[in-house]
Structures are given as C-alpha cells and as structure tokens.
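Asks: Below are the sequence and a predicted model; questions follow.
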Amino acid sequence: MPAPARSLRTRLIPSLLLPLALLAACGPLPQPFRGNPGTVARRLAAPPAYRIAVPPPNAALLTDVASTDFAMAMTEALEGAEVPVVAGPPAPLDWRLDVTAEQDGRGVTPAYSVVDADGKVLGQARGAPVPVREWSEARTETLHRVAARDAELVTGLLTRGEAARRAAETVPFNGAGGPPRVRFTGVQGAPGDGNEALALRMRDFLSTKGLVVQDGADGAAFSVAGKVTLAPVPGGKQRVEIQWLVRRRDGHDLGQALQLNEVPAGTLNGLWGDVAYVVAQEASAAVRDIIANAGGLGEEAARRPAPDAPTPPAAPGAPAAASPAGR
C-alpha cells in the first residue's frame, strides 16, 4: 500500500479498536426452568421460524395514509392470531405480506401474497370484494373489518408456507445440526471502496468464527448488516461510526457492535485496504460473541478457539499488516 495509506493505518486503526462497544443482552439471569421445561416445552422449542412484515401497500387503491392504516390493522389482526408480525419494511430475514387490490364492477377485491426473505412467493389468496365506495373512503372501521376478516386467509398462507419450508429444510435453524448459518447483507454508507472492502473482509472473518456465511436467507438463523455513518466535526475532521447489527430469524435484535473514530476529513474517500481488515477482525469477534450469548453456537462451540484469521492484504511496495499470530 502506498505510504499515505500506511500512515493512515497507524493513525486510524488503534482508535478504531479501542472503543468497540458490544451492545447486547445483560449478564446471566436465574434459570429456574433449566432442566425442567414442562409439558409444553416441545411445542415452545420450535416456534415459527419466521417473522412477517406488513409494509404499507402501494398497489391497493388506497391513499398513503389509508395504506399505513391498513398495514397497522392487518398487523393487529395477525397479532391476535398469535402470528409473529411487525408493521413496516422487512428486516433481512423477515417474510413479507404484499397487499394489492383490483376494482371489478362495483367491488374492490384485496389480494395477499406471502413472500419469503429471498423474494420467493410462498402463497397467494384473494379476499371477498368490498364495495368501491367503502374502500375508497377507507374509514378506520372498514379497514379493521377487512383486515380482521382476511387475517384468517393470511394465516393459512403462512401455515402452508412454513410447512413447506420445514419439509424442505436440510439445516436446522437452531444450529443443532451444524454451525449456524448467517445471512450477511453487506455494508452501506461507506465512502471510497469501503462498502466492498469491509464486506469482503467481514465475510472472511465471520467464516473463521464458527459461522456459515451466506447471501440468501434460506436456512439462516441470524443476519448481520453493516452501516457506516460520517459526520463533520470541528477541526476539519470527520466522525466515523461503523455499526454491525445482529438479528435473529424471528426479527429480534440481538445486539450491535459499534466502532467509533474521528479522522481528518476525506481520509477514507479512497482505498480502505488494511483498515477494512482490522475493522472487520475486531467486529467479527463481537458479532460472534453476540450470537454465542444468544445461544446460537451451543456451549461447546462457544468455548472452542477460533481458527486462524485470514491473511491481511499486502499492497505492492508495502509490508503486510501483522496477523494476529504475529502479535
């Protein structure tokens, strides 16, 4: 790497490593049911391996306000049916409920599609027609009535989709049959080649932490997403915040690893090189800890030492960054 980049490494990397914050659940809690789960344990141990998101429908012949209201109404109806659901855009492992509507004569017919996290349509159904006037007025009571009525249709789609997934499943979602699978959705917001460099290095390092890293959601028990935020600060500098968010398949936020630093403005506008290497090295260890603390690795795997780290990059004319074994 050219000399300016090497001097950047000595300025930037140490301060990026020190403030790594691991934001996750607190310490161990009393476990009165350990070893004595009760008669319903088998059913509770295998909850639906999905959470469905209900974004406001943009093709349902409703105004923006009414679309949001209908999404909330459907979310409440599905919650009443004990479906794991959230209103709004889907997280990386969420299924999605797409709602459309067609006008035919004097009626408007809503239609529903359940789509998995990889974009595959798992099932479709049509509700009963609603008078055009009622649908266009979009009163709260009308939207709630239609949502309550059609929630049963959606629940049926989810049940059949989940049954089909379980029938085709080859990798247990709890990781009991092997290393847990992690959907890595990449990095956003970094200047220069930061998105690509950080993503490449993070994939390498996560693979050394007892995790199977993949692009798609199929079979993944967890997801990891990176986000870089820059903000100007006094003295001609920039505040760099790198956030790694870890979610469980049911949409629960397990925690985040946060890296903070201040650098001269424009420092990271070019090649990240070994900066990406060290950032990912530290962040991947934090991500593994979050997943291990959530029980995603199992006790034996969580205690197992991590394999050797990937080889750090070496640019022409510059020495390679020191590997962990060489420290």
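Replies: Now that the structure is in, tell me what you want to look at.

Asks: Any figure for the gap between the residue nearest to residue 102 when sequence neighbours are not counted and residue 136?
Replies: The spatial neighbour of residue 102 that comes closest, neighbours along the chain excluded (C-beta to C-beta, 6 or more residues apart in numbering), is residue 109 at 5.4 Å. Glycine gets a C-beta too; all of them are placed from N, C-alpha and C. According to C-beta to C-beta, to the nearest Å, residue 109 stands 14 Å off from residue 136.

Asks: Could you do residue 104 as well?
Replies: For residue 104 relative to residue 136 (C-beta to C-beta), the value is 14 Å.

Asks: Show me which of those two is the more surrounded one.
Replies: residue 136 (15 against 9; other C-beta atoms under 10 Å).

Asks: C-alpha coordinates for the helix or strand containing the more buried one, PDB please?
Replies: Using DSSP states H and E, the element containing residue 136 is helix 132-137. Output in PDB follows, covering the C-alpha atoms of helix 132-137 (Å, rounded to 0.1, in the frame of the first residue of the first chain):
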ATOM      1  CA  VAL A 132     -66.000   0.600  -4.100                       C
ATOM      2  CA  ARG A 133     -67.300   3.400  -2.000                       C
ATOM      3  CA  GLU A 134     -66.400   1.800   1.300                       C
ATOM      4  CA  TRP A 135     -62.900   1.000   0.000                       C
ATOM      5  CA  SER A 136     -62.300   4.500  -1.400                       C
ATOM      6  CA  GLU A 137     -63.500   6.200   1.800                       C
END
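
Asks: and it, average pLDDT?
Replies: Averaged across helix 132-137, pLDDT comes to 95.

Asks: Stretch 290-302 now?
Replies: When pLDDT is averaged along stretch 290-302, the result is 71.

Asks: And for stretch 212-224?
Replies: On average, stretch 212-224 scores 91.

Asks: Stretch 179-192 too?
Replies: pLDDT averaged over stretch 179-192 gives 94.

Asks: still on that earlier bit, buried ones in the helix or strand encompassing the residue nearest to residue 102, by neighbour count?
Replies: Residue 109 belongs to strand 107-115 when elements are defined using DSSP H and E. For strand 107-115, the neighbour count (16 or more other C-beta atoms under 10 Å) marks 108, 110-115 as buried.

Asks: Would you mind putting the residues you listed into a markdown table with distance to residue 130 and pLDDT alongside?
Replies: Shown next, in a markdown table, are the buried residues of strand 107-115 (distance: C-beta to C-beta, whole Å; pLDDT from 0 to 100):
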| residue | distance to residue 130 | pLDDT |
| --- | --- | --- |
| 108 | 5 | 96 |
| 110 | 7 | 96 |
| 111 | 12 | 96 |
| 112 | 14 | 97 |
| 113 | 18 | 96 |
| 114 | 21 | 94 |
| 115 | 23 | 94 |
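
Asks: Tell me which two of those sit farthest apart.
Replies: Largest separation among the buried residues of strand 107-115 by C-beta to C-beta: 108 and 115, giving 21.9 Å.

Asks: lowest average confidence, helix or strand, in the protein?
Replies: Among the helical and strand segments of the chain, the one scoring lowest on mean pLDDT, DSSP states H and E is helix 41-44, with a mean of 33.

Asks: wait, is residue 272 part of a strand?
Replies: No - counting by DSSP: H, G, I helix; E, B strand; the rest coil, residue 272 is not part of a strand but coil.

Asks: That one and residue 234, how far apart?
Replies: 25 Å.

Asks: So which of these two has more stuff around it?
Replies: residue 272 (25 against 6).

Asks: State the phi and psi torsions of residue 159.
Replies: Note on residue 159: its backbone torsions stand at phi -60, psi -50 [degrees, to the nearest 10].

Asks: Quick check, pLDDT for residue 19.
Replies: pLDDT recorded at residue 19 is 51.

Asks: returning to that earlier point: in the helix holding residue 136, what counts as buried?
Replies: Neighbour-count burial for helix 132-137 flags 134-135 (criterion: 16+ other C-beta under 10 Å).

Asks: helices or strands up against it?
Replies: Packed against helix 132-137, as judged by 3 or more C-beta pairs under 8 Å, 6 or more residues apart in numbering; DSSP states H and E, are the following elements: strand 107-115.

Asks: I'd like the buried residues of strand 107-115 laid out as JSON lines, including distance to residue 60.
Replies: Output for the buried residues of strand 107-115, formatted as JSON lines (distance: C-beta to C-beta, whole Å):
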{"residue": "108", "distance to residue 60": "9"}
{"residue": "110", "distance to residue 60": "7"}
{"residue": "111", "distance to residue 60": "9"}
{"residue": "112", "distance to residue 60": "10"}
{"residue": "113", "distance to residue 60": "12"}
{"residue": "114", "distance to residue 60": "16"}
{"residue": "115", "distance to residue 60": "15"}
